[in-house]
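Engineer: heads up, no residue letters with this:
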Ligand code: RNT
Ligand code: ZN
């Protein structure tokens with residue numbers, strides 16, 4: 001009852017700025033968040049190859065209870081989904097395949113993902129996909145699609161081709177387009193002399209990999225750049241400029257921006273309005289870099305708000321795809337999903353509650369005083385009351401009520417794993 005009452009009050013307060021809270025809620029009903037499976041097992045995967053996480057990635061912490069197989073991981077995600085309102089997708093990696101015997105990356109097939117597909121159908125969600133170019137002997141020297149070793153390069157091209165087909169299969173099966181996101185770790189630790197040849201090879205590998213036309217309703221490819229990784233501090237083949245150029249040339253592709261893949265002071269929120277002038281669609285990897293690409297759990301910070309505002313202000317609802325990408329092994333992994341997902345959903349709602357037309361007009365009229373005054377006052381407007389109401393109508397716990405349920409799950413399920 002208080003939730004409803006607070007909502008009515010908030011509705012009145014927002015109306016004073018010309019904001020219709022019901023409309024913001026309607027807009028939220030169309031927003032989909034792609035939730036990454038790899039938070040649930042510290043980017044381990046189920047190949048049982050004995051390979052440990054590499055490719056410049058690191059999940060720190062050893063909180064007990066991580067998922068040991070696909071059923072546990074899906075169970076954990078299903079639990080987390082109970083606490084996250086709105087439309088969701090699951091984001092998985094090729095390394096999360098299910099097979100009775102060892103299946104190498106150049107042998108994977110759609111059927112290895114039927115467990116995920118069946119679960120997605122039950123959950124009535126779509127699935128995004130990622131080829132896995134790390135934690136594998138053929139990635140051990142730090143080069144995959146840009147490798148100078150022709151056998152290795154071909155191996156990863158074959159992997160990419162197969163992943164595209166798997167993504168297409170998933171899209172057809174679930175009825176929701178699946179994004180196939182390509183990120184490779186390739187790069188050098190130290191001063192690099194020939195920066196061109198690896199990029200030429202990457203370009204050739206991508207050209208070969210995406211040559212086959214697939215069902216565009218079922219799948220689309222995305223490419224993700226990075227500034228540096230652990231062990232590739234000096235040179236990364238797939239830089240921002242590389243993929244930006246590649247997407248300009250191959251307009252059907254999505255450009256992926258990961259919040260942790262730029263210089264520490266460089267914000268992806270400020271890139272969106274420029275890039276959207278030139279590309280068709282974008283994929284965001286919402287993450288939280290702390291001092292480096294550290295993949296901390298997403299919190300409601302200024303950058304998250306700026307990202308959501310850019311999506312809403314630019315009217316990019318149908319051209320923007322939002323996914324999470326972080327892996328924190330130092331806290332309850334289900335809570336990590338819930339916190340980051342709820343923050344992203346809540347901040348999107350907050351962005352929809354902005355009196356955009358009013359602010360745009362003040363700016364155009366040169367009334368910069370109003371622009372600053374209103375944006376600052378808005379920071380203490382009661383978006384929380386609208387969010388609580390949104391949770392309630394979506395039948396998910398209001399405020400921190402989800403935490404006790406996650407603790408119960410930890411006691412009854414997670415603590416029994418070792
Ligand atoms: C790595 C990229 C990439 C991965 C996931 C696991 O720096 O951000 O997106 O985090 O694919
Ligand atoms: Zn990423």
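Structural biologist: Cool, the structure landed. This one's a predicted model, so the numbers in the text were calculated from it and none came from an experiment. Residues are numbered from 1 along each chain as shown. Ligands and ions are numbered 1, 2, ... in the order given.
Engineer: tell me which residue lies nearest the centroid of the protein.
Structural biologist: The centroid of the chain falls nearest to residue 323 when counting by CA atoms, centre = their mean (2.3 Å).
Engineer: so that one bridges to which residues?
Structural biologist: With DSSP bridges as the criterion, the beta-bridge partners of residue 323 are residue 34, residue 285.
Engineer: what residues does the stretch 101-250 of the chain put near ligand 1?
Structural biologist: Residues of the stretch 101-250 of the chain found near ligand 1 (CB under 6 Å from any ligand atom) are 130, 183, 224, 226. For the C-beta atoms, the positions are set from N, CA and C on the backbone; glycine is no exception.
Engineer: including distance to residue 205, pLDDT and neighbour count, could those residues go into JSON lines?
Structural biologist: Below are those laid out as JSON lines (distance: CB to CB, whole Å; pLDDT from 0 to 100; neighbours: other CB atoms under 10 Å):
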{"residue": "130", "distance to residue 205": "16", "pLDDT": "99", "neighbour count": "25"}
{"residue": "183", "distance to residue 205": "14", "pLDDT": "98", "neighbour count": "23"}
{"residue": "224", "distance to residue 205": "15", "pLDDT": "98", "neighbour count": "21"}
{"residue": "226", "distance to residue 205": "17", "pLDDT": "98", "neighbour count": "24"}
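Engineer: closest to residue 145 out of those residues?
Structural biologist: residue 183 (10.4 Å; CB to CB).
Engineer: mind listing what the residue of the stretch 51-200 of the chain found nearest ligand 2 touches?
Structural biologist: Nearest residue of the stretch 51-200 of the chain to ligand 2, counting by CB to the ion: residue 183, 6.0 Å away. By CB atoms under 8 Å, 6 or more residues apart in numbering, residue 183 lies in contact with 130, 133, 223-224, 226, 238, 256, 258.
Engineer: let me have those in a markdown table, adding secondary structure as columns.
Structural biologist: Conversion of these to a markdown table gives the following (DSSP: H, G, I helix; E, B strand; the rest coil):
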| residue | secondary structure |
| --- | --- |
| 130 | strand |
| 133 | coil |
| 223 | strand |
| 224 | strand |
| 226 | coil |
| 238 | coil |
| 256 | strand |
| 258 | strand |
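Engineer: could you export those as TSV, including distance to ligand 2?
Structural biologist: Output for the contacts of residue 183, formatted as TSV (distance: CB to the ion, whole Å):
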residue	distance to ligand 2
130	9
133	12
223	11
224	6
226	8
238	12
256	7
258	4
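Engineer: so can I have TSV of those showing distance to residue 280?
Structural biologist: Converted to TSV, the contacts of residue 183 look like this (distance: CB to CB, whole Å):
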residue	distance to residue 280
130	20
133	25
223	13
224	16
226	22
238	20
256	13
258	19
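Engineer: among those residues, which one sits closest to residue 49?
Structural biologist: Distance to residue 49 across the contacts of residue 183 (CB to CB) is lowest for residue 133, with 14.2 Å.
Engineer: give me the number of residues near the closest one?
Structural biologist: For residue 133, the count of nearby residues is 26 (other CB atoms under 10 Å).
Engineer: likewise for residue 201?
Structural biologist: When neighbours are defined as other CB under 10 Å, residue 201 has 19 of them.
Engineer: how about residue 230, what does it touch?
Structural biologist: Here residue 230 is in contact with 56-58 (CB under 8 Å, 6+ apart).
Engineer: ok, and what's touching stretch 49-60?
Structural biologist: The contact list for stretch 49-60 (CB under 8 Å, 6+ apart) reads 42-44, 102, 133-137, 139-140, 185, 187, 228-232, 295, 327-330.
Engineer: and those residues, which of them are buried?
Structural biologist: 42-44, 133-136, 139, 185, 187, 228-229, 232, 295, 327-329 (16 or more other CB atoms under 10 Å).
Engineer: now do whichever residue of the stretch 301-418 of the chain sits closest to ligand 1 against residue 178, distance only.
Structural biologist: Residue of the stretch 301-418 of the chain nearest ligand 1, by CB to the nearest ligand atom: residue 325 (4.8 Å). As defined by CB to CB, to the nearest Å, residue 325 lies at a distance of 16 Å from residue 178.
Engineer: helix, strand, or coil at residue 90?
Structural biologist: Secondary structure, three-state DSSP: residue 90 is strand.
Engineer: how about the closest residue to ligand 1 within the stretch 51-200 of the chain, phi and psi?
Structural biologist: Across the stretch 51-200 of the chain, no residue is closer to ligand 1 than residue 183, which sits at 4.3 Å (CB to the nearest ligand atom). In terms of degrees, to the nearest 10, the main-chain angles of residue 183 are phi -130, psi 130.
Engineer: relative to residue 329, how far out is it?
Structural biologist: Per CB to CB, residue 183 is found 20 Å from residue 329.
Engineer: now the strands for the stretch 1-150 of the chain?
Structural biologist: With DSSP state E, counting those that start in this stretch as the criterion, the stretch 1-150 of the chain has strands at 32-36, 87-93, 126-130.
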